[in-house]
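Novice: no sequence for this one, just the structure:
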C-alpha cells in the first residue's frame with residue numbers, strides 16, 4: 001500500500017497545483033491529506049471494533065454485579081448458618097465439658113480409692129518384705145555367730161597345736177642337749193637314748209597326725225554344717241520369693257478384676273444416667289413440691305409454736321404473780 005506519492009510531477013498533477021505555490025509545497029500538502037485520511041480511517045475502524053467491546057464490558061459488569069450480589073447473599077446466608085452451627089457446637093461442647101468434668105471427678109474419686117487400696121496392699125507387701133528381711137537378718141546373724149564360734153574353736157585348737165609344737169620343740173631341745181651331753185659322756189648311752197628319742201618322735205608324730213586328722217575332720221564337719229545351713233537359707237529365700245510372686249500375681253489379678261468391675265460399673269452408670277434423667281426430673285419436681293408443702297407446714301407449725309409459747313409465757317407470769325401474792 002502506497003501511502004505517499006512517489007513525487008512524480010506530471011502535467012496532470014501540476015495542473016491541480018495552486019497558483020503561487022511550488023510543487024514541493026503542493027506535494028507536502030497532498031501527502032498530509034493522505035495521512036489524515038489514513039488516520040481517520042484507522043480511527044473509524046478501531047471505534048467500530050471498540051463499541052461491541054464496550055457493550056460486552058457493560059453486560060459483563062452487570063452480570064458480575066448480579067453474581068456478586070448473589071455471592072454476597074449466599075455468603076451472608078452461609079455466615080448465618082455457620083453462626084447457628086457454631087452456637088450449637090459451642091453449646092454441645094459446653095454440655096460435653098460438663099459431662100466430662102462429672103465423669104472426670106468420678107474417675108478421680110475412683111482412682112483415689114484405687115490408690116488407697118493399692119497403698120494398703122503395698123504397705124502389706126512392704127511389711128511382709130520387712131518381716132522377711134528381719135527373718136533373713138536373724139538367720140544371717142545366726143550363721144555369722146556360728147561361723148565366729150567355729151573360727152574361735154579352730155583358733156583355740158590351732159593355738160593348742162602350736163603350744164604343743166612349742167612344748168615338743170622345747171622338750172626336743174632339752175633332749176638334744178642331754179643327748180649331746182650323753183654323746184660327750186658315751187656313744188653307747190647316746191645310741192640307746194637316740195633310739196628312744198626316735199621312738200618318742202615317732203610316737204609324737206603319730207599323736208600329731210591323730211590330732212591333725214581330728215582337726216581336719218572337725219573342719220569338714222563344720223563345712224558340712226555350714227553348707228546345710230546355707231542350703232536351708234537358700235531354700236527359705238526361694239520359698240519367700242515364690243510367696244512374693246504369688247502375692248504379686250494375686251494383686252495383679254485383683255487389679256484386673258477391679259478394672260473389669262469398674263468398666264461394668266461405668267457402663268451401668270452411663271445407662272442409668274441416660275435412663276434416669278426423666279426420673280430425676282420427675283423426682284426433682286416432686287421434691288420441689290414437697291419442699292414447698294413442707295415450708296408451708298413448717299410456717300404453720302412455727303406460728304402455732306409461737307402462739308403456744310406466748311400463751312405459756314402469759315400463764316407462767318400469772319402463776320408466778322399468784323404465788324407471790326399467796327406468799328405475801
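Specialist: Arrived safely, thanks for sending. Please read these numbers as outputs of a predicted model, since none were measured by experiment.
Novice: which outside residues touch stretch 179-194?
Specialist: Under the criterion C-beta atoms under 8 Å, 6 or more residues apart in numbering, residues 175, 178, 197 lie in contact with stretch 179-194. For the C-beta atoms, the positions are set from N, CA and C on the backbone; glycine is no exception.
Novice: can you tell me how far the second one sits from residue 201?
Specialist: Counting by C-beta to C-beta, to the nearest Å, the separation of residue 178 from residue 201 is 15 Å.
Novice: where are the low-confidence patches of the stretch 201-328 of the chain?
Specialist: Counting by pLDDT under 70, the ranges of the stretch 201-328 of the chain that qualify are 328.
Novice: switch to 80 and redo it
Specialist: 317-328 (pLDDT under 80).
Novice: now the helices for it?
Specialist: For the stretch 201-328 of the chain, applying DSSP state H, counting those that start in this stretch gives no helices.
Novice: Which among the contacts of stretch 179-194 count as buried?
Specialist: Buried by 16 or more other C-beta atoms under 10 Å: 175, 197, out of the contacts of stretch 179-194.
Novice: Okay, buried residues for stretch 117-131 please.
Specialist: Buried residues in stretch 117-131 (16+ other C-beta under 10 Å): residue 121.
Novice: What lies in contact with it?
Specialist: Under C-beta under 8 Å, 6+ apart, the answer for stretch 117-131 is 243-244, 247-248, 251, 254-255, 258.
Novice: Buried members of the residues you listed into ChimeraX, please.
Specialist: Buried members of those, defined by 16+ other C-beta under 10 Å, are picked up in ChimeraX with:
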select :251
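Novice: Count residues in the vicinity of residue 136, would you?
Specialist: 14 (other C-beta atoms under 10 Å).
Novice: again, but for residue 223
Specialist: 11.
Novice: Distance of it relative to residue 211?
Specialist: 19 Å.
Novice: Equivalent analysis for residue 69, please.
Specialist: 127 Å.
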